[in-house]
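Enquirer: For reference, the sequence and a predicted model appear below.
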Amino acid sequence: MATSKTVWGIDIGQVALKAIKLRSVEGELQVEAFDIIEHTNILSQPDVDRRHLIRNALEQFLARNEIADSTVVVAVPGHQSSFMRFVKLPPVDPKKIPDIVRFEAQQQIPFDINEVQWRYQIFRDPDSPDVEAGIFAVKQVDINDLMERFTEVGMRVDVIQMPVMALYNFMTYDGQLAPDGATLLVDIGADKTDLVVSDGPRMWVRTIQIGGNNFTEALVKALKYPFGKAERLKRTAVSHKYARQIFQAMRPVFSDLAQEIRRSIGAYTATHRETRVRKLVGLGNGFRMPGLQKYLEQDLNIPVVPIDSYNHLMPSASISAPTFTQNVLSFGVAYGLALQGLGETAISTNLLPEKVQEAIKWKRRQWWFAGAAAAILVALALPVAGKYKDNARLAINPNSFASAKAQLESERRESGNVMASITRLSKDQEAIAALSAPLKYRDVWPAIVPLVLNSLRTEQTDVYMAYGEPMTDDALAQVTSDLKSFGQVNGRPDRSARQVFVITEMTSEYQQELGKADARGTQQQQPGYGGPGAGGPMYGPDGSMMYGPGGQMSPQRPPASSARTARASASTATQGPRGFVVKIRGTTPMSENACRNYLLGMGGQIGVKALMQEQAQTILDPTSNKKNKQLLNVVDVELIHLERPQASASSGGVATGGMMTGPAATAAGGARTGPFIRQADPLFADEDSFTDTKFEIRVLVSLMTDEPDAPEPSSGTAAR
């Protein structure tokens, strides 16, 4: 028999009350209802009657929602005085841990131990003997104030928890963690930002006193607007005609926030040197700010993923509602609270006073005893009542047995019809699954493109990325000057010292077995290469375009040598998994040796293969039933072509590759003289990209799926 339980998670924030009602049916979770009630004023503003605003929000919530027979879990408001500390315990008998933790609490909590409600949670690493205790405390007066707000409107509270603990429970349950290393959750609220680190069995928290109000106050200061008008302007900045000036005014707050997050990451990794933060998960309405995600990714050099949906919830009308999807960034705390009420979380501490907890338990038991007694009486009475009823029917109608038999046969026929309908439904479901199977691979090609682009990194990335941000003419001139300084040796320009990659063409071909030779071969004529300005877009590590299209195509390059073809064929002779053969062509100002070292991981370089394999670990299959199922795997990376054209030294000759005509000569330092077809660099008009190194690599990417006979996904192409 299916069991069902409902829990309300209620988060009273500075801007609004957010609540989620979860139902659990045999381990499956579903959002049964939700609500968001904005306060008429922000609670943290001066001269605001917080008590009155909270009571109004709770009264509206009760008028619009049903809470009877549901567990209620609430969060301590963020303004309350709370304390968290993580301490390592000495190796002792587990029975002595409570006494040791109490001693540590008395030493660590900066308040009288008798004036706080405190709890602790033990964290153990199965691969280490170390035991860590998390100590959480809130002043008793703040707990009483919170309970009084709910008692005034007639609501019973079952569990009280800290918001950061609810966030940790949310991120660990909902599968928001990186495959390896640590994951940092950043929840930007109205007046503060909570940071929560999940690192295997460990957790770490910190609060930054920067929130959405700081962005609003920056607009108040810069534009001389009142707070309310500046708040509305911030929310509609992206579509405003003065959007650039608005973001320029808020840019210092962007910088302060990124700096504090970077300091927090440094503080954590300083005490846990064996780990690195691999992913940043964004929550809170502050992450709706346009440009914030890109800014943090560039500043922290960590993938930033704002939450746009929840992974472990059954589909329902509630989560499909526009109001829910528009505010999904705000429900993280309420979701984590409801999960704790259902017993689905790693942290289960309850800051509700113990006497109140015992009273609630006894009250529930009284109802259980009364219900059990009533059930026993009904069970005893039913057989007797049924017997008298059957006797009465037989006395009135002698044909009752025949009628009952006919009724039984009718019910059997109906049961057969139901089973036939179930069989037809099963066949229809199989047909639907077969028709929708190709959709499983719709994320493959979009995942391969950033996999390649994020692996061709250079140390000039940050300066190039600056072109994607709004800036003044002076700032643009400074960035241009910085770019000019790259690739200078002893104060003189040297293009070969500038580490830049220009991808001119990228194609893929699906193969059922990657071990088989490339169906198109490596002997055929391939399109030539163009440098910056010769028709190829240049992309940075985050996928943004550095060079735009333009210029002309170079002639076809000569075929690969027979020796290189033999090596490429030999490397793919054995059978392998199914996947894609991705061919990438491009140019770089670096020399052939420098390019080879970077692509193959020689001369102290990490190599593109290792970078791609690391990137592939972060690309997850969204259709997999398994948590953190990897979608792609980079099997091998091969360099199949590398050449650097040289200018012809003879007058009237043609340069290698047919790209230079007329008299030409190579001067000292690589300069050319005489008429020729010039390929100007779009960033440096006085530089020529004709002699840039041309390269071609082949990447074998396998599909890490569970169905070996699934339909073939289509190939993709990204070219000029």
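Expert: On my side now, so go ahead. Numbering: from 1, shown residues only.
Enquirer: So which residues of the stretch 351-500 of the chain form helices?
Expert: For the stretch 351-500 of the chain, the helices defined by DSSP state H, counting those that start in this stretch occupy 354-396, 400-436, 444-453, 461-465, 473-485.
Enquirer: before we move on, what about the stretch 551-700 of the chain?
Expert: Assigned by DSSP H, counting those that start in this stretch, the stretch 551-700 of the chain shows helices spanning 562-571, 592-600, 608-616.
Enquirer: now the second one against helix 608-616, angle please.
Expert: By that I understand helix 592-600. 30 degrees (axes from the mean of the first three to the mean of the last three C-alpha atoms, to 10 degrees).
Enquirer: Spatially central residue in this structure, please.
Expert: V305 (3.4 Å; C-alpha atoms, centre = their mean).
Enquirer: where does it land in three-state SS?
Expert: Classification of V305 by DSSP: H, G, I helix; E, B strand; the rest coil places it in strand.
Enquirer: Nearest spatial neighbour of it, chain-adjacent residues omitted?
Expert: Once flanking residues are discounted, V305 sits nearest to V281: 5.6 Å by C-beta to C-beta, 6 or more residues apart in numbering. Yep, even glycine has a C-beta here, placed from its N, CA and C like the rest.
Enquirer: which residues sit in contact with the one you found?
Expert: V281 makes contact with M171, Q176, T183, L184, L185, V186, V305, P306, I307 under the criterion C-beta atoms under 8 Å, 6 or more residues apart in numbering.
Enquirer: Validate this expectation: it resides in a strand.
Expert: Yes. Checked against three-state DSSP, V281 lies within a strand.
Enquirer: From N628, how far off is it?
Expert: Applying C-beta to C-beta, to the nearest Å, one obtains 14 Å for the distance of V281 from N628.
Enquirer: just flag whichever of the helices of the stretch 351-500 of the chain has the lowest average confidence.
Expert: Set side by side, the helices of the stretch 351-500 of the chain give their lowest mean pLDDT on helix 461-465, at a mean of 48.
Enquirer: what's the helix or strand harbouring A63 in contact with?
Expert: Assigned by DSSP states H and E, A63 falls within helix 50-64. With contact meaning C-beta under 8 Å, 6+ apart, helix 50-64 is reached by 10, 12, 16-17, 19, 35, 37, 39-41, 43, 149-150, 152-155.
Enquirer: try 7 Å this time
Expert: 12, 17, 19, 35, 37, 39-41, 43, 149-150, 152-153, 155 (C-beta atoms under 7 Å, 6 or more residues apart in numbering).
Enquirer: If burial is judged by neighbour count, which of these pass?
Expert: I12, L17, A19, D35, I37, H39, N41, L43, R149, F150, V153, M155 (16 or more other C-beta atoms under 10 Å).
Enquirer: farthest pair in these?
Expert: N41 and M155 (22.7 Å; C-beta to C-beta).
Enquirer: Of all the residues in stretch 316-323, which ones are buried?
Expert: S318, I319.
Enquirer: Relative to V452, which of the contacts of V281 is nearest.
Expert: Once C-beta to C-beta is applied, the member of the contacts of V281 that ends up nearest V452 is V305, at 20.0 Å.
Enquirer: which residues does that closest one contact?
Expert: V305 touches K279, L280, V281, G282, counting by C-beta under 7 Å, 6+ apart.
Enquirer: Let's see that with 10 Å instead.
Expert: Q176, A178, T183, K279, L280, V281, G282, F287, Q293, E297, T618 (C-beta atoms under 10 Å, 6 or more residues apart in numbering).
Enquirer: would you turn these into a markdown table with pLDDT and distance to Q499?
Expert: Listed next are the contacts of V305 as a markdown table, based on pLDDT from 0 to 100; distance: C-beta to C-beta, whole Å:
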| residue | pLDDT | distance to Q499 |
| --- | --- | --- |
| Q176 | 90 | 35 |
| A178 | 91 | 28 |
| T183 | 95 | 31 |
| K279 | 94 | 27 |
| L280 | 95 | 27 |
| V281 | 95 | 32 |
| G282 | 93 | 31 |
| F287 | 87 | 33 |
| Q293 | 89 | 26 |
| E297 | 92 | 20 |
| T618 | 83 | 24 |
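Enquirer: Which one of these is nearest to A475?
Expert: Among those, and counting by C-beta to C-beta, the member closest to A475 is E297, at 20.1 Å.
Enquirer: what about that closest one, which SS state?
Expert: helix.
Enquirer: Could you find the closest non-adjacent residue to it?
Expert: V304 (4.8 Å).
Enquirer: In this structure that neighbour contacts K279, no?
Expert: Yes. Using C-beta atoms under 10 Å, V304 is in contact with K279, at 8.2 Å.
Enquirer: list residues touching both of the two?
Expert: Contacts common to V304 and K279, judged by C-beta under 10 Å, 6+ apart, are L184.
Enquirer: Pairing partners for the host helix or strand of Y120, with directions?
Expert: Using DSSP H and E, Y120 sits in strand 116-124. According to DSSP bridges, strand 116-124 has the following sheet partners: strand 131-139 (antiparallel).
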